[in-house]
Every structure is written in C-alpha cells, then in structure tokens.
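S.K.: can't give you the sequence, but here's the structure:
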DNA sequence: GCGTGTCAAATAAACAGTTAGTTGCACTAC
DNA sequence: GTAGTGCAACTAACTGTTTATTTGACACGC
C-alpha cells in the first residue's frame, strides 16, 4: 500500500515546466545531452521525473526545448545592426558574458545535435535575415564589399566568441578590468574587419 | 569449457595500441567522452576491450591519450610565424580542413575536460611560446601593437576556425571552390587585423 | 614454467523510459 | 453547502537494457 506525501506546493503545471526548463538548462549546459541525467534534472527541479516525459517527450526533446528558449532570448535581446557590426559584436560579447550558459549550449548543440533535422526555432530565418541585411548595407555603400555577407557575419560572430570563458586560453579568472579590455579588443577587431567604410551616414 | 580462437593476427601490442588510438579518435570525435562507448572502440579496433584498461587505464585516460597525440600533430605540422599571422591562419585552416577530427576533439575537450587538471601535453607551453614570439615581433616593429599578444593569437585562431564544418552556418556541403574562397577570406581578415605593419622585412 | 598478451564471461551500477495508481480541485446537481 | 464526478497534476516503484570495469582462464614464445 503505497503512501503519498501531500504536495508542499500547490499544483501548477506551468510553474513545474518552468522549473524543469531551468534545471535542464543547467544540466545540459554543464554536461551536454549524452552526459545529462534525467534523474538529476528532475531532482534539481523538485519535480517527478515522469513529468519530463509527459511535458517534453524525452531527453532530446527537452534539450530542443531548452535550445529554442535560449535562441529566442539572444535574438530578442541583442539587436542586429548591419551598419554597425563592431557595436553588434560588443553587445553580443556583453550578452554572452552575462549568460554564460548560452555559448556552452550552442556548442553542445553543434556537436551533438547538428546533422539532425531539428534546428532551433527561428535560427535559420534569423541567419538569412542577417545576411540579407548585410548585403543591403553593402549595396548602400555603408559596409565594405571586401567580404561576402556570410563571411562578415561568420567572422563577427567568431570574434565576439573568441574571448569567452571555456575558450582555449581563458583558464585564469577574468578580472573585470581584463574583461573590459577584451571587449574593447573584440570591437576594434571587427572595426578593422569592416574598415574602408564611410563612418558618416547617408540618409 | 570456453573456446578460444587462435589469433588471426600475430601478437603486437604496439599495433594494437595504435589501432585502439585510431578507433578511439573516431569515436571520441563523433560522440565525445560521455557519448563514446568503450565496446564500440574495442570492436572498431578489433581488439578486446579489456586491453583498453591494461594499456590506457580507463575511458578518460584514453581520451587524454588521443588528445595528446592530436595536439602534438597540429603543433608539429603547422609552423607558427608571428611575423606572418595571415599565412599562419591560412595554414591552420588547411590543416583543420584536412583533419576534420581535430576541431571536434578540441571542442569536446573544452566542454568535457576543461576544469580538470589534465591539459593536453605541450599545449600550455606552446601557447606561452606563441604569445612570447608575438610580443617580440611587436617589439621589433614588425607587428601591430594595437592588440595585446594574447588578443592577436586568440583572434587569429578564432578566425581560422570560423568557417570550419560544424560551425553554425556550414550546413551545406563545402564545394571546393567555396572552400578556397573561405580560406582567402580568413587570410584577408587576419591581414586586416594586423594592418599597419610594414610588409617589407627588416633583417 | 613463466611472463606477456588475449579473450569470453561476469558483475554491479546506472540508465531512460513506463506504469499503475493517488491526490487536489473545479464544476455540477441537488 | 455538500456529495458526486471527471480530469489533470503528480508520484513511487519498477522494467529491461546498457554501461564501464574486472576477472580468471587460456595460449604462445622463450
């Protein structure tokens, strides 16, 4: 005769889903899909493990849900400015620094989930929009045509990531002053990348 | 009464170790440490999996052995030229393209093994040598002083990696012509990074 | 006969996913 | 208001499989 504990919390599936998503974010960011443990996620969220399967399907789909949420956040919070790629790189740098899970999640996704059909929602669209916007800015004469739009985007993203923690070199703790200098260096690097562009704006 | 097959191959522990290392490279590059299966590595190497434990200790140490070998290879085969960082980026690009496992292994290492004590052998030393060489080249007036030596190294590596497969954008197959253009773009990007340097050499 | 290399089989733990059931709660009929 | 009903939220216990790692017996060259 199984005994059940009275639930300390009121029943609220949305809140449980949210706690699950938060716990899954931490677990996946730290250990990836293969390394993540469903039991651990349930325990951290203080939610029965079976709910993961009713709410999200399985471990992989839970990861996909985590990715979708985080891609949406970065797209929302970091506005893209094709005529000011150095500024964009700086803002992306700031965002990634404030959200250290983002880059790890994206990297796990690239390693463990790429080649599958499921791309994070809106990522492909956003990439296409960005390259199109860059191409238009080039046509308007506001951006160097030395590189293709794809090159410019890929290089800008790469430079914004280059100094992030868990990068090959960042073993020592990032003091605040050092971080600011790295940010400045990233912005300057992108500035040099796009050099040869009129800084005055045409209306 | 267990039956034993007569060994088809002559006994050769070195050859077995080498086959194990090769199979482990493929498995780890594809699936990382947590996703790798010891059985699969043994089967692919046509070596009993117990040998993995006698030769390498355990799964993690096998991964470390794989990393050591591959770090040694890239350090050997891609000479570092602080006075010609664009050329270095191009050569690194070529190497990574010819050795697609390298970048994935390095990425898995960053995600799953960083924070542990074991760094791949010679990597720290090599990084230190490279930054020192860059600093010297700056002192000699052959390289821009806009960036610190660390910035220059990190950015150069980031740009050389930016267009590699399993990068966010490289979903379509890399046609040979497109690859050449990407290589050119990487070299040009690093050229712009280090711009303001005399191109003529002082002896 | 001894050391080195080899192997199938065993083991114990961990794992993702399932199931059968319990509990809280909104709503209704009276 | 209160007994009854339907249902979604929740739960403990379990299932069958997979896993890394160990073991102990066998073979071969010397």
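M.R.: Ah, there it is. Since we're looking at a predicted model, the values are computed, not measured. Residues are numbered from 1 along each chain as shown, chains lettered A, B, ... in the order given.
S.K.: So residue A:21 sits against residue A:70, correct?
M.R.: No: look at residue A:21 against residue A:70 with Cβ atoms under 8 Å: they stay out of range, at 9.8 Å. Yep, even glycine has a C-beta here, placed from its N, CA and C like the rest.
S.K.: ok so residue A:65 is a helix residue?
M.R.: Yes: counting by DSSP: H, G, I helix; E, B strand; the rest coil, residue A:65 is part of a helix.
S.K.: Tell me the spacing between it and residue A:49.
M.R.: Using Cβ to Cβ, to the nearest Å, residue A:65 is found at 16 Å from residue A:49.
S.K.: Those two: which has the busier surroundings?
M.R.: With neighbours defined as other Cβ atoms under 10 Å in any protein chain shown, residue A:65 and residue A:49 compare such that residue A:65 has more, 19 against 15.
S.K.: For stretch A:14-32, give me every contacting residue.
M.R.: When contacts are defined by Cβ atoms under 8 Å, 6 or more residues apart in numbering or on different chains, stretch A:14-32 is touched by residues A:9, A:36-37, A:40-42, A:44-47, A:51-52, A:55-56, A:62-63, A:65-66, A:69-70, A:100-101, A:104-105, A:108, A:111-112, B:32, B:34-35, B:111-112.
S.K.: swap in stretch A:158-166?
M.R.: By Cβ under 8 Å, 6+ apart, stretch A:158-166 touches A:88-90, A:92-93, A:96-97, A:100, A:103-104, A:167, A:170, A:174, A:182-183, A:185-186, A:189-190, A:193, B:110-111, B:114, B:151, B:154-155, B:157-159, B:161-162.
S.K.: Go through that stretch and flag the buried ones.
M.R.: A:158, A:159, A:160, A:161, A:162, A:163, A:164 (16 or more other Cβ atoms under 10 Å in any protein chain shown).
S.K.: same question for it, mean pLDDT?
M.R.: The pLDDT scores in stretch A:158-166 average 91.
S.K.: Ok, stretch A:90-107 next?
M.R.: Across stretch A:90-107, the average pLDDT comes to 96.
S.K.: Tell me how far that stretch lies from the chain's centre.
M.R.: Here the centre of stretch A:90-107 is set off from its chain's centre by 6 Å, with Cα atoms, centre = their mean, to the nearest Å.
S.K.: Show me what counts as buried in that stretch.
M.R.: Buried residues in stretch A:90-107, counted by 16+ other Cβ under 10 Å: A:90-93, A:95-97, A:102-107.
S.K.: May I have the distance across it, first residue to last?
M.R.: One end of stretch A:90-107 sits 20 Å from the other (Cα to Cα, to the nearest Å).
S.K.: what does that stretch rub up against?
M.R.: Residues contacting stretch A:90-107 (Cβ under 8 Å, 6+ apart): A:25-26, A:28-30, A:66-67, A:70, A:73-74, A:77-79, A:157, A:160-161, A:163-166, A:179, A:182-183, A:186-187, B:107, B:110-111, B:168.
S.K.: Buried members of these into PyMOL, please.
M.R.: Restricted to buried positions by 16+ other Cβ under 10 Å, the PyMOL selection for the contacts of stretch A:90-107 reads:
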select buried, (chain A and resi 25+26+28+29+66+67+70+74+78+157+160+161+163+164+182+183+186+187) or (chain B and resi 107+110+111+168)
